[in-house]
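Undergrad: No letters, just coordinates:
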């Protein structure tokens, strides 16, 4: 380190903006210390400042530990003063590393070491430049990121140093990667890093394109289904087959999609609804299908109640409601105790058998009351066809 390479200039700290040598960048300067740095630089330091990025953009008053060690010695090109802030265009001159920082209440001043690029093997450099240009040409959406004059320069051909700095400045990448490129002095090493970043972005673009294609396929399938339904509706209108059946199917379809039924129930309901739509209105089979759909959609698939887990209280309620029936009550309590211990209902179904009037229904009501559950009675007297209660 020689004294000739050490310069003392005001400091402008940025949030997430990294400036590279040879390039212009417009930065909004609003913090008091940065505004004072710009004013002092214009008056006493030949408009030279050290532009450095914060390693934590959330810090309002950065200290030395909140700044990266490497920034850019820059020259103030244009200053546009606004109310409470200024828009300043900086021109990057040289990479510069922090030697000493003086931070007072007015502004920050820094002693910085000006750094020079290191160029390696010329043949390797030419090969790397060719590879970067080849990778760069694969991207078709960079016109919004790169200024037109920069794209024009890249097309005509630029030096390896200019190429790496231009891509580092404008190509979309993480701040940490951009800062690493600023800190790397070896030009060939910088180009290897840029190639890796270009390849990574290319993979991201391919994955994004695949996702977009999948989304488009889903949208196309939805549009196709909508078109066919509308066409089927128009055909039925022409044939005079339009009845309230169409409205019913739309209501049931809306109910299926809007309510949180389990997925296997939704699949079965959709399948049955498609079948129901194809049946002739008024046919016996359509009536059976409609009855099944009504039953399927009204079953409380997602509604639930909290069971009373206090077995002593359950036994007390059973005893209150019925005198005697000791063996039956013991079997019920045994069943509930096993359910509570295992935590599931994978057990035999209790069946209460006996002549009319012995208390089967009232005992079932008592069980529901003791568990704090709702009681539903389904009378199947006279039902001979299992199709009536299928499902």
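TA: Everything's here; your move. Being a predicted model, the structure only gives us computed values, none of them experimental.

Undergrad: which SS class is the nearest residue to residue 158 once chain neighbours are set aside?
TA: Leaving out its chain neighbours, the residue that sits closest to residue 158 by C-beta to C-beta, 6 or more residues apart in numbering is residue 166, at 7.1 Å. Yep, even glycine has a C-beta here, placed from its N, CA and C like the rest. Here residue 166 is recorded as helix under DSSP: H, G, I helix; E, B strand; the rest coil.

Undergrad: wouldn't residue 166 be in contact with residue 23 here?
TA: Yes - the criterion here is C-beta atoms under 8 Å, and residue 166 meets it with residue 23 at 6.7 Å.

Undergrad: Strands along the stretch 51-200 of the chain, start to end?
TA: 70-81, 86-103, 108-114 (DSSP state E, counting those that start in this stretch).

Undergrad: a markdown table please, covering the ones you listed and showing mean neighbour count and distance to residue 124.
TA: As requested, those are exported to a markdown table (neighbours: other C-beta atoms under 10 Å; distance: least, C-beta to C-beta, whole Å):
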| stretch | mean neighbour count | distance to residue 124 |
| --- | --- | --- |
| strand 70-81 | 19 | 24 |
| strand 86-103 | 18 | 21 |
| strand 108-114 | 20 | 26 |
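
Undergrad: how about the ones you listed in TSV, adding distance to residue 204?
TA: Listed next are the strands of the stretch 51-200 of the chain as TSV, based on distance: least, C-beta to C-beta, whole Å:
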stretch	distance to residue 204
strand 70-81	27
strand 86-103	28
strand 108-114	36
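
Undergrad: want to try CSV for the ones you listed, with mean pLDDT as columns?
TA: Shown next, in CSV, are the strands of the stretch 51-200 of the chain (pLDDT from 0 to 100):
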stretch, mean pLDDT
strand 70-81, 92
strand 86-103, 92
strand 108-114, 92
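
Undergrad: Minimum distance to residue 120: which of those strands has it?
TA: Closest to residue 120 of the strands of the stretch 51-200 of the chain, according to C-beta to C-beta: strand 86-103, at 16.7 Å.

Undergrad: so what secondary structure elements neighbour the closest one?
TA: strand 6-14, strand 24-29, helix 32-44, strand 48-53, strand 70-81, strand 108-114 (3 or more C-beta pairs under 8 Å, 6 or more residues apart in numbering; DSSP states H and E).

Undergrad: Using a markdown table, lay out these together with distance to residue 311.
TA: Output for those, formatted as a markdown table (distance: least, C-beta to C-beta, whole Å):
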| stretch | distance to residue 311 |
| --- | --- |
| strand 6-14 | 69 |
| strand 24-29 | 70 |
| helix 32-44 | 72 |
| strand 48-53 | 67 |
| strand 70-81 | 72 |
| strand 108-114 | 73 |
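
Undergrad: Those: which one's closest to residue 171?
TA: The nearest among the helices and strands packed on strand 86-103, by C-beta to C-beta, is strand 24-29 at 14.3 Å.

Undergrad: How far off centre is the closest one?
TA: 31 Å (C-alpha atoms, centre = their mean, to the nearest Å).

Undergrad: and what of stretch 96-113?
TA: That offset, for stretch 96-113, works out to 41 Å (C-alpha atoms, centre = their mean).

Undergrad: Stretch 333-353: end-to-end distance?
TA: 18 Å (C-alpha to C-alpha, to the nearest Å).

Undergrad: Could you chop the chain up by domain?
TA: The chain breaks down by automatic domain parsing into domains covering 3-114, 122-204, 243-298, 311-371.

Undergrad: Redo the ones you listed as CSV? Include distance to residue 231.
TA: Below are the domains of the chain laid out as CSV (distance: least, C-beta to C-beta, whole Å):
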stretch, distance to residue 231
domain 3-114, 54
domain 122-204, 38
domain 243-298, 13
domain 311-371, 47
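
Undergrad: List the residues that contact residue 285.
TA: residue 279 (C-beta atoms under 8 Å, 6 or more residues apart in numbering).

Undergrad: Secondary structure element holding it?
TA: helix 284-298 (DSSP states H and E).

Undergrad: Helix or strand next in line after that helix, which one?
TA: Beyond helix 284-298 toward the C-terminal end (DSSP H and E), the next one is helix 311-321.

Undergrad: list the helices and strands that following helix packs on?
TA: helix 326-342, helix 360-371.

Undergrad: try 6 Å
TA: helix 360-371 (3 or more C-beta pairs under 6 Å, 6 or more residues apart in numbering; DSSP states H and E).

Undergrad: Give me the contacts around the helix it packs on.
TA: Residues outside helix 360-371 that contact it (C-beta atoms under 6 Å, 6 or more residues apart in numbering): 307, 308, 314, 317, 318, 321, 352, 354, 375.

Undergrad: out of the residues you listed, who's nearest residue 27?
TA: So of the contacts of helix 360-371, ranked by how close each gets to residue 27 (C-beta to C-beta), first place is residue 307, at 64.6 Å.

Undergrad: gap between the residue lying closest to the closest one once chain neighbours are set aside and residue 306?
TA: Distance criterion C-beta to C-beta, 6+ apart; nearest residue to residue 307, sequence neighbours excluded, is residue 371 at 5.1 Å. Look at residue 371 and residue 306: by C-beta to C-beta, to the nearest Å, they are 10 Å apart.

Undergrad: who has more neighbours, the two?
TA: Each of residue 371 and residue 306 has its neighbours counted (other C-beta atoms under 10 Å); residue 371 has more, 19 against 8.

Undergrad: pLDDT score assigned to the more buried one?
TA: Looking at residue 371, its pLDDT reads 79.
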